[in-house]
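Peer 1: structure for this input, please:
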Amino acid sequence: MINKQVPGAAQAVADVFDGATVMVGGFGEAGSPIELIHALIDQGATDLTVVNNNTGSGEVGLAALIKAGRVSKIICSYPRTTNSTVFPKLYRSGATALELVPQGTLAERIRAGGAGIPAFYTPTSVGTTLEEGKERRTFNGRDYVLEYGLSADFALIKGRVADRYGNVIYNKTARNFSPVMAMAAATTIVQAESLVPAGELDPETIVTPGIFVNRVVMVADPAHESALVAEGVSYP
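Peer 2: Next up, the predicted model:
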């Protein structure tokens, strides 16, 4: 089997290209791959389309990537949260585009993309501004809106434990979006707090099998987004 371990975050994101679509895991800081995102900032790729649940916090992680002017469009459910200060300004200025997607629909669009399902119908957003420009059909007396599956060139994922073959276990809410993103990306990159020998992970506990993972890098002491924001850290 292939050893998917790479020596560092910089090597892991080295081939992310300008104009790429990048899914970024994270349902709160438990799943936010801070080190991979910061490595992507250092790498310099621009004109990115980012798929995430939100637009980051403070001026670290995803928010720092947006602040650096690397993101031309973001697809998310919560563009403005308590500590989201970067994206609202860039959105109002027209520097960054937004595609707003209800959270459940976003998760299903990503899942569909990973499963090879091109589109599906959902009642969510019927009768709202989010329906504008979309096909509507009626099934059994109820209206539904057509939504398209989402796929990506890259996915940046944070795991708790992984092995060199790419099998991953997550920390709590980190698994909300990360497993489906891993399936929906052409290249999935995982940072994990620890790497264990092959065979040590109980197969019954593995959430993302290694077949969906291309690279694994160990980040033994990952940064916590909330702590960085509280300290007023700005990256770079």
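Peer 1: what's the spacing between C76 and A184?
Peer 2: Distance of C76 to A184, given as C-beta to C-beta, to the nearest Å: 15 Å. (Glycine included, C-beta is placed from N, CA and C.)
Peer 1: show me where pLDDT drops low in this structure?
Peer 2: Flagging of the chain using pLDDT under 70 yields the residue ranges 1.
Peer 1: so for C76 and A184, which sits in the more crowded spot?
Peer 2: Of the pair C76 and A184, A184 is the one with more neighbours under other C-beta atoms under 10 Å, namely 26 against 22.
Peer 1: quick one: that one and E108 touch, right?
Peer 2: No - checked against C-beta atoms under 8 Å, the pair A184 and E108 is beyond contact range at 11.2 Å.
Peer 1: alpha carbons of stretch 119-134, in CSV - could you do that?
Peer 2: What follows is stretch 119-134, C-alpha atoms only, in CSV (Å, rounded to 0.1, in the frame of the first residue of the first chain):
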residue,chain,number,x,y,z
ALA,A,119,-27.9,17.2,-8.8
PHE,A,120,-30.9,16.7,-6.4
TYR,A,121,-34.1,18.4,-5.4
THR,A,122,-34.7,19.8,-1.9
PRO,A,123,-37.6,21.9,-0.4
THR,A,124,-35.1,24.0,1.5
SER,A,125,-35.0,27.6,0.1
VAL,A,126,-38.3,27.3,-1.7
GLY,A,127,-40.0,30.8,-1.7
THR,A,128,-36.8,32.6,-0.5
THR,A,129,-34.2,34.7,-2.4
LEU,A,130,-31.9,31.6,-2.4
GLU,A,131,-34.3,30.1,-4.9
GLU,A,132,-33.7,32.8,-7.6
GLY,A,133,-32.5,31.4,-10.9
LYS,A,134,-33.0,27.8,-9.9
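Peer 1: so what touches it?
Peer 2: 100-102, 104-105, 108, 112, 136-137, 139, 142-149 (C-beta atoms under 8 Å, 6 or more residues apart in numbering).
Peer 1: could you list which of those residues belong to strands?
Peer 2: L100, R136, R137, F139, R142, D143, Y144, V145, L146, E147, Y148 (DSSP state E).
Peer 1: quick check, the last one in contact with P118.
Peer 2: Yes - with contact defined as C-beta under 8 Å, Y148 counts as touching P118 (6.7 Å).
Peer 1: which residue packs closest to N52, ignoring adjacent ones?
Peer 2: Sequence neighbours aside, V24 is the residue nearest to N52 in space, at 4.5 Å (criterion: C-beta to C-beta, 6 or more residues apart in numbering).
Peer 1: revised request: answer the last question for A223.
Peer 2: Ranked by C-beta to C-beta, 6+ apart and with sequence neighbours excluded, the top spatial neighbour of A223 is I34, at 4.4 Å.
Peer 1: now do A95
Peer 2: G69 (7.2 Å).
Peer 1: from I37, how far off is the one you found?
Peer 2: In terms of C-beta to C-beta, G69 sits 14 Å off from I37.
Peer 1: residues near the residue nearest to R142 when sequence neighbours are not counted, how many?
Peer 2: Residue nearest to R142 in three dimensions, not counting chain neighbours: P123, with 6.1 Å by C-beta to C-beta, 6+ apart. Neighbourhood size, P123 [other C-beta under 10 Å]: 11.
Peer 1: now the lengthiest helix in the chain, how far from the centre of its chain.
Peer 2: In the chain, assigned by DSSP state H, the helix with the most residues is helix 103-115. In terms of C-alpha atoms, centre = their mean, to the nearest Å, the centre of helix 103-115 is found 12 Å from the chain centre.
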